[in-house]
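> Kindly generate the corresponding structure for this input.
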Amino acid sequence: MTETRHPRLAMDDELLDAQLLRTVGAAPYGGADVGECLATARTVQGTDLDGWYSAWTELATTTAGLAESARAAGRVETARAAFFRASNYHRNAGLLLMGAPIDPRLRSSNAAQTTAFRQGVALLAAPPEVVAIPFEGTTLPGYHFRAAGAGPRPTAILLGGYDGTAEELYFFNGVAALARGYDVLAFDGPGQGSALIQQGLVLRADYGPVVGAVVDFLLERPDVDPDRLALIGLSLGGFLAPRAAADEPRLAACIADCGSFDMFAGALERMPERLADGLQAGKRSARFLLGMVLRNLAAKPTAGWSLRRGMLVHGVATPVAYIEALRDYSLVGHAERITCPTFVCNAEADAISASAPKLAAALRCPHEFRTFTAAEGAGDHCEAGARTLFHARAFDWLDGVLAR
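Numbers count the residues shown, from 1 in each chain. The predicted structure follows:
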């Protein structure tokens, strides 16, 4: 979830600063304290990823300690808020360690963020149900939150991205949905969160069966309105959600938040033309040369992070294999089959979502397209610094769709 933007928040490095903004962006919904985040980030030297892990783990541990003390003293509000922040800080600590083989610290931070989050939600007035969604011989972890009021209610199904977690989805979209009267089902699918890190489930392009399993799970519950199921995809989920919606007719609406239309084409656009043409044509010489270039890039602390992350998420052994795996990640021939109303957006300074207008142009269903701008503070990938503005526009649209 990273792209170029100006000015930076506190870090000289583009990736680190973007991840800082991503974490700070959860502050309106209880997932961060701005001062804590800025103070912690400024202790990290250069592109020291070990230092990043240590700094954020220390903050998470301290914040969790505050939560535990408050809980023991019966101060529920303080405890819940601190557990939530600790969860998001643990997630951010391990994030930049993504790669194969899995670093034990990544598993540890993922487990710690889950533990802290569950301690926090247990202190809500209406705690969610921690769920295990049956899927192809295993289960997918998630949370089913119920909004206040009489049911059956509409449900927002929250789908994350390459490096997000079901717990983080609560801050990115869950709190806003619950406040508007939606039930929420947040989950980790193959290639995401604990489904990847703890269970070893790698990503797949055909997400229709994944979302179909979630819909099956929801429709077994009497308090769910079967005619008002909305799928909200974030980051990579902004690609996976419309890909799934093409195959899942039971959805009443779909929101694609800053995804790519064709991920392989996007990768080719970032390569020298001769290499891109050779790889697309299947030339061995181009593949060999690209392999050399990408191996060198993958060794760089922050510049190579997306490659290391991609190899882990897709379950492949080399950077070239990761790029070639993206051939299946296209909405060509799929977008046209979506039947439910769809909201598509991108962010002005975000190259990842630059192709989102192609998705909007390919849709045959009722749809709305919106570009979020830097001038309104929302130009970063997934509007990371302006989630309240995103929610105002996206949920106002969704309210109107479901009302009809």
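> what ranges of the protein fall below the confidence cut-off?
Along the chain, the model assigns pLDDT under 70 to residues 1-7.
> For it, just list every one of the strands.
Assigned by DSSP state E, the strands in the chain fall at 129-135, 138-145, 153-159, 183-187, 224-234, 253-257, 342-347, 367-372.
> would you turn those into a markdown table with mean neighbour count and distance to D328?
Just so you know, the C-beta spots here come from the backbone N, C-alpha and C atoms, and that holds for glycine as well. Compiled in a markdown table, the strands of the chain are given as follows (neighbours: other CB atoms under 10 Å; distance: least, CB to CB, whole Å):
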| stretch | mean neighbour count | distance to D328 |
| --- | --- | --- |
| strand 129-135 | 15 | 19 |
| strand 138-145 | 21 | 20 |
| strand 153-159 | 27 | 18 |
| strand 183-187 | 27 | 22 |
| strand 224-234 | 22 | 17 |
| strand 253-257 | 30 | 18 |
| strand 342-347 | 27 | 21 |
| strand 367-372 | 18 | 24 |
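> so which of those strands comes closest to V316?
With respect to V316, and counting by CB to CB, the nearest of the strands of the chain is strand 138-145 at 20.7 Å.
> Mind exporting the C-alpha coordinates of the closest one to CSV?
Provided in CSV are the C-alpha atoms of strand 138-145 (Å, rounded to 0.1, in the frame of the first residue of the first chain):
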residue,chain,number,x,y,z
THR,A,138,-9.7,-25.5,5.8
THR,A,139,-11.1,-22.3,7.4
LEU,A,140,-10.6,-18.6,6.9
PRO,A,141,-10.2,-16.5,10.1
GLY,A,142,-12.4,-13.4,10.6
TYR,A,143,-14.8,-11.4,12.8
HIS,A,144,-18.5,-10.9,12.5
PHE,A,145,-19.6,-7.5,14.1
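> Need the residues that contact it.
By CB atoms under 8 Å, 6 or more residues apart in numbering, the surrounding residues in contact with strand 138-145 are 121, 126, 128-133, 166-167, 170, 174, 178, 183-190, 193-195, 199, 201, 210, 213-214, 221.
> try it again with 7 Å
Contacts made with strand 138-145 from outside it, assessed by CB atoms under 7 Å, 6 or more residues apart in numbering, are listed as 128-133, 166, 174, 178, 183-189, 194-195, 199.
> picking that back up, nearest to D206, out of the strands of the chain?
strand 129-135 (13.0 Å).
> partners of the closest one in the sheet?
The sheet places strand 129-135 alongside strand 138-145 (antiparallel), with pairing taken from DSSP bridges.
> can you give me the angle the strand it pairs with makes with strand 224-234?
On the basis of axes from the mean of the first three to the mean of the last three CA atoms, to 10 degrees, strand 138-145 is oriented at 100 degrees to strand 224-234.
> what angle separates strand 138-145 from strand 183-187?
Between the direction of strand 138-145 and that of strand 183-187, the angle (the same axes, to 10 degrees) works out to 150 degrees.
> Check the offset of strand 138-145 from the chain's centre.
When C-alpha coordinates are averaged (CA atoms, centre = their mean, to the nearest Å), strand 138-145 and its chain have centres 16 Å apart.
> same deal with stretch 211-222?
Relative to the chain's own centre, stretch 211-222 is displaced by 21 Å; criterion: CA atoms, centre = their mean.
> Compare the strands of the chain and give me the one nearest S330.
Each of those has some distance to S330 by CB to CB; the shortest is strand 253-257, at 14.0 Å.
> and that closest one, what other elements does it pack with?
strand 224-234, helix 237-245, strand 342-347, helix 387-403 (3 or more CB pairs under 7 Å, 6 or more residues apart in numbering; DSSP states H and E).
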